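Peer 1: Turn this into a structure:
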Amino acid sequence: MTTTAPLQPLLDAAVIVLEAPTQVWSDDTGAMGADPIHGIYHGDVRQIRALEVTVDATRLESIGWSSPSPQRVVFTDVLRGLDDASADPKVRLDRDREVAAGSFTERIRVSSHLRGTTAVGITVHLTPDFAPMQLVKAGLSADAEWTWDGRTCRAGDASFTLVAPGADVSSDDERLTLRWELDLAARGAETVGWSLELADTTLVVTAPAQPAAVLLPDAADPRAARWLARASADLAALRLATPEHPDDAFYAAGAPWFFTLFGRDSIWAARLGLAADPGIAASTLRVLGRLQGTKHDASTAEAPGKIPHELRSGALILPGEGVHLPPLYYGTVDATPLWVCLLADAHDAGMPDDELRGFLPALRGALDWMIEHGDASGSGFIDYADESGHGLANQGWKDSGDSIQWRDGRLAEGPIALSEVQAYAYEAAVRGADLLDRLGESGAEELRAWAADLRARFRHAFWVTTAEGRYPAIALDAHGAAVDTLTSNIGHLFGTGILDPEEERVCADLLAGDSMSSGYGIRTMSTGAAGYWPLSYHGGSVWTHDTAIAVHGMLRSGLDDDARAIARQLLDVAEGFDYRVPELHAGDARIPGGRPVPYPAACRPQAWSAAAAVVCAQALA
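Peer 2: As a prediction, this is how the structure comes out:
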């Protein structure tokens, strides 16, 4: 007999409704419990694991579902066990499910086209769970003890209150049961319903006080318009704030695992979607600026001026991975220069100088971190290494343990200096200097000199020549050697200024070649690398935001035709996923008449994948 180790849940076949910080996952019939991801979540806790609806004397036979918004889904069944002998089904059940931040509602409507009255008994079974999100992600179960007082179910700091008008509610040691007895009139309909108010006193994020104010850019292509509409609705559903500052919204990274503030993800989502929602750039900057590091602490990776990686209500422990992150964790090497870049973008988009001045202390702190603390190893470049022994081994956006590889498949030895981080830092220094000039502050010329030196040293240290051509390496390793794999990281260099136009042309041509272009976006790793695999998280898959960053940079560099060609590929991806583009998809080569292959554990909706719709619409326009 063999046993299967716990595995991360697959997500691609599940149905989700959400409004951060609440999300609900089920199968396509509306039932929960068969798959590990199923359940009703609030914050970082799955409060209910299983939900089952039954009707006396009949099976529920699903005929479809529809989701008119991220917050709502309707499941439809026929009840042929209650039917007459004619061919047409005459009794149906519709379950209208809706979530808001901290609440869940389901209305169950039974309707009949029969000539006589029908007795209908409806039962809903709920199985409380109260499993921490990190256990669910690891494929593990929880043994949380819960209490039920006839109205509220509670385990520790998390609870839900049940309201079920007209129902007989009972409980045992395993589940809650709701029961309705109905007399369904001839050609009539009856509706029952129940709802949950979900709470967790430890939450460090909450729904923002103000609704989203999204202005969709024009889209001549009707498919682009559909993608924009779906993406903007998802972005609105992913908005969060901190309880102390409910007016300052930011984008949660994505569902299901990342319903919180992530420095890099929240910045890039705001940056890619800037044309649709310029206001969220300033609020994201304020939220992250309040959490900016003030001291050196190896256990949290904090350093003065550093922008954090993620914020959670408790420590994040990933079973089996040796990762134990504190509630406020700073293990990101790129969020700090990206914060400066977003500030410059927001100012270019119309942020008044008076508002800009309010960011001056955080701006100086971020610039000082790049120059004084970013080069932790003395390599001369901004780099990273986990000093805690239980943090993230890789601290760029490709943060899986095997993401930084040589062409022959060997893992690079850290500390690691990523190519795109040097580009972000160069751009941040140049544009940060411009902001200081704008405010009449000192230090701009020193920044420009530092940036010029970084640019010259980058050209000398990072460019490699392999069988695939000449291009910037993904990184420098602990010995200063250029890790020679051709990857999508070069797409992040466009528009930053670290490359000259001829070098940008070389990189654009490589990304358009067969080894990097899947036909559905840019692969994270070239097919010419030994480590390439189309279903590798960071070693051959395609990430929508990663490809969209290349589009974003190409537009800024004037490579409009290249940007448009890549944006068309992402538009085809959007159509293939019904316009809700997941976190990533497989890097298989496009087959004429086919569709993109899912990465089955990809999160969705994901903020930076949704925001990609905005920059792609700009490219296609």
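Peer 1: which secondary structure element contains residue 226?
Peer 2: Using DSSP states H and E, residue 226 falls within helix 222-237.
Peer 1: Who are the packing partners of that helix?
Peer 2: Helix 222-237 sits against helix 560-576, helix 607-620, with contacts defined as 3 or more C-beta pairs under 8 Å, 6 or more residues apart in numbering; DSSP states H and E. C-betas here are computed from N, CA, C, even on glycine.
Peer 1: would you turn these into JSON lines with mean neighbour count, distance to residue 118 and mean pLDDT?
Peer 2: Shown next, in JSON lines, are the helices and strands packed on helix 222-237 (neighbours: other C-beta atoms under 10 Å; distance: least, C-beta to C-beta, whole Å; pLDDT from 0 to 100):
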{"stretch": "helix 560-576", "mean neighbour count": "20", "distance to residue 118": "43", "mean pLDDT": "98"}
{"stretch": "helix 607-620", "mean neighbour count": "28", "distance to residue 118": "44", "mean pLDDT": "96"}
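Peer 1: got TSV for these, with distance to residue 162 too?
Peer 2: Formatted as TSV, the helices and strands packed on helix 222-237 follow (distance: least, C-beta to C-beta, whole Å):
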stretch	distance to residue 162
helix 560-576	38
helix 607-620	31
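Peer 1: So which of the ones you listed is nearest residue 98?
Peer 2: For residue 98, the closest of the helices and strands packed on helix 222-237 is helix 607-620, at 20.5 Å, according to C-beta to C-beta.
Peer 1: what's the angle from the closest one to helix 560-576?
Peer 2: Computed with axes from the mean of the first three to the mean of the last three C-alpha atoms, to 10 degrees, the direction of helix 607-620 lies at 130 degrees from that of helix 560-576.
Peer 1: and helix 607-620, how far from the chain's centre?
Peer 2: 14 Å (C-alpha atoms, centre = their mean, to the nearest Å).
Peer 1: by how many degrees do that helix and helix 222-237 diverge?
Peer 2: 150 degrees.
Peer 1: so what does helix 607-620 touch, helix or strand wise?
Peer 2: Secondary elements touching helix 607-620 (3+ C-beta pairs under 8 Å, 6+ apart): helix 222-237, helix 263-272, helix 544-557, helix 560-576.
Peer 1: For residue 160, which of those is the nearest?
Peer 2: When those are ranked by proximity to residue 160 (C-beta to C-beta), helix 222-237 comes first, at 20.2 Å.
Peer 1: and stretch 29-40, how far apart are its ends?
Peer 2: 15 Å (C-alpha to C-alpha, to the nearest Å).
Peer 1: Any chance you could list what contacts that stretch?
Peer 2: 9-11, 13-15, 22, 24-27, 46-53, 60, 62, 65, 73, 75, 77, 95, 97, 104, 127, 129, 131, 136, 139, 160, 196, 198, 256 (C-beta atoms under 8 Å, 6 or more residues apart in numbering).
Peer 1: Would you mark the buried spots in it?
Peer 2: 29-33, 35-40 (16 or more other C-beta atoms under 10 Å).
Peer 1: What is the nearest of the residues you listed to residue 461?
Peer 2: Nearest to residue 461 among these is residue 37, at 43.5 Å by C-beta to C-beta.
Peer 1: Could you look up the SS state of the closest one?
Peer 2: coil (DSSP: H, G, I helix; E, B strand; the rest coil).
Peer 1: Tell me, what's the model's pLDDT at it?
Peer 2: If you check residue 37, the pLDDT there is 97.
Peer 1: out of everything not next to it in sequence, what's closest to it?
Peer 2: Computed as C-beta to C-beta, 6 or more residues apart in numbering, the closest residue to residue 37 that is not its neighbour in sequence is residue 9, at 3.9 Å.
Peer 1: Residue 66 too?
Peer 2: residue 74 (5.5 Å).
Peer 1: residues contacting the one you found?
Peer 2: Residues in contact with residue 74 (C-beta under 8 Å, 6+ apart) are 65-68, 94-97.
Peer 1: buried ones in the helix or strand hosting it?
Peer 2: Secondary structure assignment for residue 74, by DSSP H and E: strand 72-78. By 16+ other C-beta under 10 Å, the buried positions in strand 72-78 come out as 72-78.
Peer 1: what do you get for stretch 311-328?
Peer 2: The neighbour-count criterion (16+ other C-beta under 10 Å) identifies 311-313, 316, 318, 323, 325-326, 328 as the buried residues of stretch 311-328.
Peer 1: from those, which ones fall inside strands?
Peer 2: 311, 316, 318, 323, 325, 328 (DSSP state E).
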